[in-house]
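**Q** Make a model of this:
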Amino acid sequence: MLVINAELVHQSLSYQELVSALDETFSRPAGMPQRQVFSLDVSSSHSDAFAVLPSWNEKTIAVKAFTYFPSNPKKDPNLASLYSKILIFSRETGEPQALVDGTSVTYWRTAAVSALGSRYLSRENSSKLLVCGTGNLASFMALAHASVRPITQIKVWGRSEVKARATIELVRNERPDIEVFYCDNLEASVREADIISCATGSPTPLFPGEWVQAGTHTDFVGNHNHDRRECDSALIQKSAVFVDSKINVFAEAGELLLPAAEGVFSLNDVKGELAQLCQSGTLARESAEQITLFKTVGTALSDLVGAQLVYAKVSQD
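**A** Model prediction:
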């Protein structure tokens, strides 16, 4: 059994290949029970946690396990808040094949799933991308979106200008052909963007939905809590809403659960999930003026795809 670290994950993956692999996998039969997230402190809704995410397809059985200890960095700057591993087995024999670093795979697959959603939902001529967020995921989101649409301009917004500019440098180093700027006027940038990708830890909406213009595609990946949200009810109401996985989003995502509780949105109004988009194989946008929204909380099947692809590359070398 191979043990594959983060360095090998980053060396093995590319956005175009991963997006295509996700597209193929989600269009085919697979098993993916609801993931189990266990709070380690029942007195707090945002406590230390442990999670298990199983899935399987015709090639691979996978289980991802992760721990989330949000106060770790305050205790010791060398500690991360999240640790994750993915164990994969042969579907044919059940033999263990690899233990793969899950944190790095999560960055890649989260961004690639958003890009795959954009492939089906954003306008094909989308050229202006706004990324909200400056964490570890931000540069991955920008580069993934730029791999599926003819992006010529990227703006990065965040509450820390220092972190935003660090993200900008990461993107510029990978894609010197794209103009990458710091966003110093969020309203103007939201109004002019073709695609808005949000990956923050914000518990409240990042901007009013009324700023989002006709024809825009938005995605939200940062929130996994039923009582928090990165977008407001106004945006949900005026968008065609799609999700990566109904079973997970309907259990965790305040972006949909809060407007549903307010009575201004029904979960039945969700147009579809990622597997349905991939099975259709066609652009799901109904018009150039339609606003589309893709909410993701992550899926075990996307972890499987990332780990499976990495294992195939490393085992060939």
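**Q** can you tell me how far the spatially most central residue of the chain sits from V305?
**A** By Cα atoms, centre = their mean, the mean C-alpha position of the chain lies nearest to T110, the distance being 3.3 Å. Separation of T110 from V305 (Cβ to Cβ, to the nearest Å): 12 Å. Using the backbone N, CA and C atoms, a C-beta is placed for each residue, glycine as well.
**Q** again, but for L257
**A** Distance from L257 to V305, counting by Cβ to Cβ: 27 Å.
**Q** Compare those two (neighbour count), which wins?
**A** Set side by side, L257 and V305 show more neighbours around V305, with 29 against 20, by other Cβ atoms under 10 Å.
**Q** Quick check: phi and psi on that one?
**A** Main-chain torsions, V305, degrees, to the nearest 10: phi -60, psi -50.
**Q** okay but it is in contact with A21, surely?
**A** Yes. Checked against Cβ atoms under 8 Å, the pair V305 and A21 is within contact range at 5.2 Å.
**Q** worst-scoring helix or strand of this protein, pLDDT-wise?
**A** Across the helices and strands of the chain, the lowest-confidence element by mean pLDDT, DSSP states H and E is strand 36-39, at a mean of 86.
**Q** buried ones in the helix or strand V180 falls within?
**A** Following DSSP states H and E, the helix or strand that holds V180 is strand 179-182. Under the neighbour-count criterion of 16 or more other Cβ atoms under 10 Å, strand 179-182 has V180 buried.
**Q** cool, stretch 112-120 as well?
**A** Using 16+ other Cβ under 10 Å as the test for burial, stretch 112-120 gives 112-120.
**Q** next one: stretch 74-93
**A** Neighbour counts over stretch 74-93 (16+ other Cβ under 10 Å) mark 82, 84-89 as buried.
**Q** tell me the average confidence for it?
**A** Stretch 74-93 shows an average pLDDT of 94 in the prediction.
**Q** and the end-to-end length of that stretch?
**A** 44 Å (Cα to Cα, to the nearest Å).
**Q** Just the closest of the buried residues of stretch 112-120 to S202, please.
**A** When the buried residues of stretch 112-120 are compared for distance to S202 (Cβ to Cβ), S114 wins out at 16.9 Å.
**Q** how far away is the closest one from V52?
**A** Applying Cβ to Cβ, the value for S114 to V52 is 24 Å.
**Q** Report pLDDT for D41.
**A** According to the prediction, D41 has pLDDT 81.
**Q** Low-confidence regions, the protein specifically.
**A** Residue ranges of the chain with pLDDT under 70: 43-46.
**Q** For it, which segments count as strands?
**A** Under the criterion DSSP state E, strands of the chain are mapped to 2-4, 36-39, 49-56, 60-68, 82-90, 96-101, 128-132, 153-157, 179-182, 195-198, 217-220, 240-243, 272-273, 292-295.
**Q** Dump those strands to JSON lines, plus distance to Y15.
**A** Listed next are those as JSON lines, based on distance: least, Cβ to Cβ, whole Å:
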{"stretch": "strand 2-4", "distance to Y15": "19"}
{"stretch": "strand 36-39", "distance to Y15": "28"}
{"stretch": "strand 49-56", "distance to Y15": "21"}
{"stretch": "strand 60-68", "distance to Y15": "20"}
{"stretch": "strand 82-90", "distance to Y15": "19"}
{"stretch": "strand 96-101", "distance to Y15": "18"}
{"stretch": "strand 128-132", "distance to Y15": "14"}
{"stretch": "strand 153-157", "distance to Y15": "14"}
{"stretch": "strand 179-182", "distance to Y15": "16"}
{"stretch": "strand 195-198", "distance to Y15": "13"}
{"stretch": "strand 217-220", "distance to Y15": "15"}
{"stretch": "strand 240-243", "distance to Y15": "20"}
{"stretch": "strand 272-273", "distance to Y15": "22"}
{"stretch": "strand 292-295", "distance to Y15": "17"}
